[in-house]
Structure formats: structure tokens, C-alpha cells
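Visitor: From the sequence below, what's the structure:
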Amino acid sequence: MRRRLLARCPALALVLTGLAFLIPAVVAAQPVSLSGTPVEVQVWPGGELGSTLFIVTGHIPEGTPLPAMVRLPLPAGSEVVWSGEILGGPVGEDPQREHTIVEATGGQALEMTAESTRTVQYEAVGPALSVIDGMTTSVFEWVQTVPTGDVVFSVRIPASAGSVEIDPMPVGSPRTNDAGERLYTLRPAVLSEGQSFTVTAAFGPPGAGGSNGSGFPLLWGLVGALVVAAAALLLVVARQRRMSA
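Guide: Residues are numbered from 1 along each chain as shown. Next comes the predicted model:
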């Protein structure tokens, strides 16, 4: 009976055939959940002249078929300058991917499709820098608009910076690259969907030492904190501006 009906209604047959292809495509287009994998957010005051550059790296769960669509939180007012995949080799070989910005819980998210690897990343320009009491200051607000695993924040400070103050307080001593830049890692944050998290970083002019009295020291010597910092630093991947230890 079905064959006879399709034979008499070729238009209906075409519609049903189209739906057969469309339904799997719709299912495949759903974003992959990152709720079980960590996200790294590297905050770089001054990475863009007069502004805060930040780099967000996400990890697609192992075993997920590719291509796979993913969503990463995107702070309000940010300008995305690059999005793509991280292959782990020369930076120039990292493939750029198109992205779209979609509405999500409490704000927006960046959506892209990974085709070759399970590590995705975007770079964006965030809040402008300000000068408060002689300290160059960046106030970076993150909203967890989509669920992920732990969020590992780090702050990259210019080599020429004097005193450094970061809130929340980093763990362990900073890592320094050949250019003298310092990378401070915060304790991994567990954030629920829609929750916000603010990182404030300030640094003084060259030659300034100590702090401005707000109580955030430059170095910490707790052995346990050093272990946490070392583990978190292994997760940091930056496309064009990677820290070279």
C-alpha cells in the first residue's frame, strides 16, 4: 500500500524523502555539551592597546564524533577577533572556523563547529583598561552562559609591570616566559549556568614594588597551591600569543 501511495503521489514522496535527510541533520546540529570538560580563560590586560584581550579554550569530550558544534560563554560587549581549532603544532596551522553569536542563559555564547580536533578556541577584545590610583586596572566579568566543567582563569601581566594585584588571589607563583611576561593562575572555579565571576587585575608602572595596600601579595609559597597552579597551567593554550616557558 505504501509503494502504491508513493507512486500516485510523487510530491508526497519527495517531501518524505527530504524529511528523512533533514531529521538527522537537525539532530546533528545540536551543540555538544561541555559540562564534563574544563574551560580555560586567559585574561590579558593590555593584550590589545588600551583594552583587555582574553582567550577562551574549550575541550570537546573524547569519543564525540566530528564535526561537532559547540558553544562557549561570551562576555557581553566583547569583539571576537579569531575563532577556530587548536591542532597543537605551529600556530599558523591552526584552522580558523566561522562562528555565530547566540542567546544563552544570562547572556550570549559563541557557537562554532569543530571539524579536525576536539580543542576549540576564540580570542576577543574585552573591557577597556582604566587607571585607578596610578594602577592600570582591568575588570573582567565572565558569565557562565552555557554549562561546562571547571573554569580555569589565568591573568597575563606585561613584563614592564611593577606591583601586581589580582582578585581573586592566584595560587602559587607566576610562570614567566622568555619575554618576561608573568602568568598568574587562579583556583579552578565551579560555576553554575547563569552565574557570574569577576577577575580584577591591576599593575603599577615599571619599577613600582609591593602592593597598593589592598592585601594581594605577589608571590605565594604553599606547596599544595603550586600543584594546583601547575596542573591548571597545562590546560592553557593561546593561539597567536602563547606563553613560551
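
Visitor: which stretches of this protein aren't confidently modelled?
Guide: For the chain, the stretches with pLDDT under 70 are 1-28, 208-245.

Visitor: in it, which spans are helices?
Guide: 2-8, 10-28, 223-233 (DSSP state H).

Visitor: list the contacts for Ser196?
Guide: 106, 141-144 (Cβ atoms under 8 Å, 6 or more residues apart in numbering). Placement of C-beta: from N, CA and C, glycine included.

Visitor: ok, now with 10 Å
Guide: 75, 106-107, 141-145 (Cβ atoms under 10 Å, 6 or more residues apart in numbering).

Visitor: So which of those residues belong to strands?
Guide: 107, 141-143 (DSSP state E).

Visitor: can you map out the strands along the protein?
Guide: Under DSSP E, the chain gives strands at 39-48, 51-59, 68-74, 79-85, 99-104, 107-114, 119-128, 130-132, 135-143, 151-157, 164-167, 175-176, 182-185, 196-203.

Visitor: between those strands, which gets nearest to Glu93?
Guide: Closest to Glu93 of the strands of the chain, according to Cβ to Cβ: strand 79-85, at 10.0 Å.

Visitor: Mind putting the strands of the chain into CSV with distance to Val91?
Guide: As requested, those are arranged in CSV below (distance: least, Cβ to Cβ, whole Å):
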stretch, distance to Val91
strand 39-48, 15
strand 51-59, 12
strand 68-74, 20
strand 79-85, 11
strand 99-104, 19
strand 107-114, 17
strand 119-128, 11
strand 130-132, 31
strand 135-143, 24
strand 151-157, 16
strand 164-167, 27
strand 175-176, 19
strand 182-185, 17
strand 196-203, 25
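
Visitor: Relative to Ser33, which of those is closest?
Guide: Once these are compared by Cβ to Cβ, strand 68-74 is nearest, at 8.9 Å.

Visitor: what angle do that closest one and strand 51-59 make?
Guide: Angle of strand 68-74 versus strand 51-59, following axes from the mean of the first three to the mean of the last three Cα atoms, to 10 degrees, is 150 degrees.

Visitor: what helices or strands is strand 68-74 leaning on?
Guide: On a contact count with 3 or more Cβ pairs under 10 Å, 6 or more residues apart in numbering; DSSP states H and E, strand 68-74 meets strand 39-48, strand 51-59, strand 99-104, strand 107-114, strand 119-128, strand 135-143.

Visitor: what pairs with the residue nearest to Glu98 when sequence neighbours are not counted across the strands?
Guide: Leaving out its chain neighbours, the residue that sits closest to Glu98 by Cβ to Cβ, 6 or more residues apart in numbering is Met112, at 6.9 Å. Per DSSP bridges, residues listed as beta-bridge partners of Met112: Val70, His99.

Visitor: 3 is where my numbering starts, stick with that
Guide: With 3 as the first residue, the last one maps to Met114.

Visitor: looking at it, Met114 is touching Thr121, isn't it?
Guide: No. Under the criterion of Cβ atoms under 10 Å, Met114 makes no contact with Thr121, lying 11.9 Å away.

Visitor: Quick check: neighbours shared by the two?
Guide: Contacts common to Met114 and Thr121, judged by Cβ under 10 Å, 6+ apart, are 60, 86-87.

Visitor: Of the residues you listed - the most surrounded one?
Guide: Within these, Gly60 tops the neighbour count with 26 neighbours, counted by other Cβ atoms under 10 Å.

Visitor: Quick check: the gap between it and Ala161.
Guide: 29 Å (Cβ to Cβ, to the nearest Å).

Visitor: Check Glu42 too.
Guide: 22 Å.
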